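Participant: sequence and computational prediction follow.
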Amino acid sequence: MTEKFQECAAVVRQEAIGNGIYSLYLKTGSVAAHAVPGQFVSLYCADKSRLLPRPISICRTDPENGVIRLVYRLAGEGTKEFSGLQPGDSVDIIGPLGNGYPLSKGGRGRSSLLIGGGIGIPPLLELAAQLEGKREIVLGFRSEQFLTEEFKSYGSVYIATEDGSFGTRGNVLDAVNAHRLTADVIYACGPMVMLHFVRQFAIRHGIPCYLSLEERMACGVGACLGCVCKTVKKDAHSQVNNARVCTEGPVFNALDVEI
Amino acid sequence: MNINTKVTICGIELKNPIMTASGTFGSGMEYSEFTDLNRLGAVVTKGVANVPWEGNGTPRVAETPSGMMNAIGLQNPGVDVFIRRDLEFLRKFDTKVIVNVCGHSEEEYCEVVERLADEPRVDMLEINISCPNVKEGGIAFGTDPHTAERITAAVKKKAHQPVIMKLSPNVTSIPDMARAVEAGGADAVSLINTITGMKIDVNRRRFLLANKTGGVSGPAIHPIAVRMVYEAAHSVHIPVIGMGGCTDAESALEFIMAGAAGVAVGTANFRDPHAAVRIISGIETFMRQQGVNNINELIGCV
């Protein structure tokens, strides 16, 4: 577990990179220095009638310049507020939160298959950048793509779109099957239904697999027990078959969780 | 100017009246990474039962206008792990510890209270007879005065620490409930637990929470809580601890002036990990500005 920080982060810049998809760069020295791929930050709204912090995965970290990049989808009033942030503004954040992906499972001489769906794609970008060895990257979209070009710097990219407008028509596993992709380890992030099928695929093929789960959160730091997932074995913290997505996760070994 | 923020509740002296509300702060471990637990009057720990509880399905939480809803269902690791891990952790801090206790039956409450009776780190017990998110126990005991009195009397027989009964707002008469637990021997009452609510996802035409209903908390419920704290303070002779949507010094002072000797900060911790400490500082500033030497002058002053 990495050290956590509470900071008032200055907005470096922000741009829309798709329909309702925003890319936000924040100056936050401590978070940028400590974050590992797959971790997230929680952003607090300036509007105090919106109480709960918004958990957003870290897309890129730039420790040299003390900057993190967040790519998020406009989903409600909270993210609507964030989408209006401009240079000169600031936002209160805590982070880095959660555990992150185990990098050593990939690494030199080993091949990694990265599978991302929709707004689950952004945290895989920093992971792709930090992994060594062969990287095959499968990205699933409804229709419009984002971040695709940036992933191409780190590996072979395969696209699936639900409407068939680009790449394989269907979901990410349709693309995995169409290209007969396999690897020594799978890393995935996306909607729960996608993760459910990626988990089944990994188990069927005997491939180690790490899934980043999403769940509605309140505190974001492990105090409230709002965001749990079902675990196969009794969890050490909870003493029941529940683990906190914000703290024991968001990344879990596919064999350890029931989704 | 010297100011005195100390309050004494059931013979236990707190350095100030501000504590964390059960369920919003774990046992302090997580928030201790952000804020100084030594500043708090007390840490009130998450409800603990005789054995581990799984709690409800997910989603368990949702935001509402100026508030939130939760239906955690009292997931907890059971009293043995709680003593070994959580109480041990709290030994490091100079603050009082109030342990919130939950159960499905009178026997289960009593079992936990007995296990905690000789733990030196436990300064007080808070008995949760008001959780709206569990089917047996919890609120079932907190909405009927006779049952509440009976549970209080049973717990009091086993407890070696002062007993605070935590009351539900989901009742017709707060004075009836407060008087019932006082008659049962309660040393103090705390209120309010969350107000039962419901939220519907209109796009999916489904309940937003897996439990269908959840407890509403946050600033949205604060005026209701202040009214109920006032009613309780005027119907019993034992101390009252106020909670429900306290987010700043002003909202805490409202509870105190309504008659609360202590104030718990809950949902505000989610909005700001420093909320409780910020409120303590705000109360000190208020006292200096208003020339109040002793916070006890403010308790029930309206």
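Facilitator: That came in fine, so what should we check first?
Participant: sort out which residues of stretch B:289-296 are buried, please.
Facilitator: Across stretch B:289-296, burial judged by 16 or more other Cβ atoms under 10 Å in any protein chain shown covers B:292, B:295-296. To be clear about C-beta, it is placed using only N, CA and C from the backbone, and glycine gets the same treatment.
Participant: what's the answer for stretch B:99-111, then?
Facilitator: Using 16+ other Cβ under 10 Å as the test for burial, stretch B:99-111 gives B:99-104, B:106, B:108-111.
Participant: of the buried residues of stretch B:289-296, list those near chain A.
Facilitator: Among the buried residues of stretch B:289-296, no residue is within reach of chain A (Cβ under 8 Å from any Cβ of the partner chain).
Participant: how about stretch A:27-37, which residues are buried there?
Facilitator: Neighbour-count burial for stretch A:27-37 flags A:27-28, A:30-37 (criterion: 16+ other Cβ under 10 Å).
Participant: before we move on, what about stretch A:14-25?
Facilitator: If you call a residue buried by 16+ other Cβ under 10 Å, then stretch A:14-25 has these buried ones: A:14, A:21-25.
Participant: out of these, which sit inside strands?
Facilitator: Within the buried residues of stretch A:14-25, residues falling in strands by DSSP state E are A:14, A:21-25.
Participant: skipping adjacent residues, who's closest to B:F207 in space?
Facilitator: Nearest residue to B:F207 in three dimensions, chain neighbours excluded: B:I200, at 6.1 Å (Cβ to Cβ, 6 or more residues apart in numbering or on different chains).
Participant: could you measure that neighbour against chain A, distance?
Facilitator: From B:I200 across to chain A, the span is 15 Å (Cβ to the nearest Cβ, to the nearest Å).
Participant: now do B:R204
Facilitator: Separation of B:R204 from chain A (Cβ to the nearest Cβ) stands at 14 Å.
Participant: which parts of the stretch 151-300 of chain B are strands?
Facilitator: Along the stretch 151-300 of chain B, counting by DSSP state E, counting those that start in this stretch, strands occupy B:163-166, B:188-191, B:195-198, B:200-201, B:206-207, B:213-217, B:240-243, B:262-265.
Participant: distance to B:G300 added to those strands, as CSV?
Facilitator: Formatted as CSV, the strands of the stretch 151-300 of chain B follow (distance: least, Cβ to Cβ, whole Å):
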stretch, distance to B:G300
strand B:163-166, 18
strand B:188-191, 14
strand B:195-198, 24
strand B:200-201, 40
strand B:206-207, 40
strand B:213-217, 24
strand B:240-243, 9
strand B:262-265, 13
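Participant: can I get the ones you listed in CSV with mean neighbour count?
Facilitator: Below are the strands of the stretch 151-300 of chain B laid out as CSV (neighbours: other Cβ atoms under 10 Å in any protein chain shown):
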stretch, mean neighbour count
strand B:163-166, 28
strand B:188-191, 28
strand B:195-198, 18
strand B:200-201, 12
strand B:206-207, 14
strand B:213-217, 26
strand B:240-243, 30
strand B:262-265, 29
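Participant: tell me which of these lies nearest to A:G117.
Facilitator: Closest to A:G117 of those, according to Cβ to Cβ: strand B:200-201, at 20.9 Å.
Participant: so what does the closest one touch, helix or strand wise?
Facilitator: Contact here means 3 or more Cβ pairs under 8 Å, 6 or more residues apart in numbering or on different chains; DSSP states H and E; on that basis strand B:200-201 packs against strand B:206-207.
Participant: touching the strand it packs on from outside, list them.
Facilitator: Residues outside strand B:206-207 that contact it (Cβ atoms under 8 Å, 6 or more residues apart in numbering or on different chains) are B:198-201.
Participant: quick one: the strands in the stretch 151-259 of chain A?
Facilitator: Secondary structure of the stretch 151-259 of chain A (DSSP E, counting those that start in this stretch): strands at A:156-161, A:168-169, A:185-189, A:209-212, A:228-230, A:242-244, A:251-253.
Participant: so which of these gets nearest B:T8?
Facilitator: Taking Cβ to Cβ, strand A:242-244 is the member of these nearest to B:T8, at 36.6 Å.
Participant: what about that closest one, distance to the chain center?
Facilitator: How far strand A:242-244 lies from its chain's middle: 18 Å, per Cα atoms, centre = their mean, to the nearest Å.
Participant: please apply the same query to stretch B:148-163.
Facilitator: Going by Cα atoms, centre = their mean, the spacing between the C-alpha centre of stretch B:148-163 and its chain's C-alpha centre is 17 Å.
Participant: let me know the outermost residue of chain B.
Facilitator: Of all residues in chain B, B:N203 has its C-alpha farthest from the mean position, at 34.8 Å, by Cα atoms, centre = their mean.
Participant: chain A versus that one, what's the distance?
Facilitator: 12 Å.
Participant: ok, that residue - contacts?
Facilitator: Counted by Cβ under 8 Å, 6+ apart, B:N203 has zero contacts.
Participant: hang on, the earlier thing: among the buried residues of stretch A:14-25, which pair sits farthest apart?
Facilitator: The widest separation within the buried residues of stretch A:14-25 (Cβ to Cβ) is 14.5 Å, between A:I21 and A:Y25.
Participant: which pLDDT does the model give B:K135?
Facilitator: Here, the pLDDT recorded for B:K135 equals 66.
Participant: assumed A:A128 was part of a strand.
Facilitator: No. Using DSSP: H, G, I helix; E, B strand; the rest coil, the assignment for A:A128 is helix, not a strand.
Participant: residue ranges with poor pLDDT in the stretch 101-250 of chain B?
Facilitator: B:135-138 (pLDDT under 70).
Participant: so which bits of it are right by chain A?
Facilitator: Contact residues, the stretch 101-250 of chain B versus chain A (Cβ under 8 Å from any Cβ): B:218-219, B:247.
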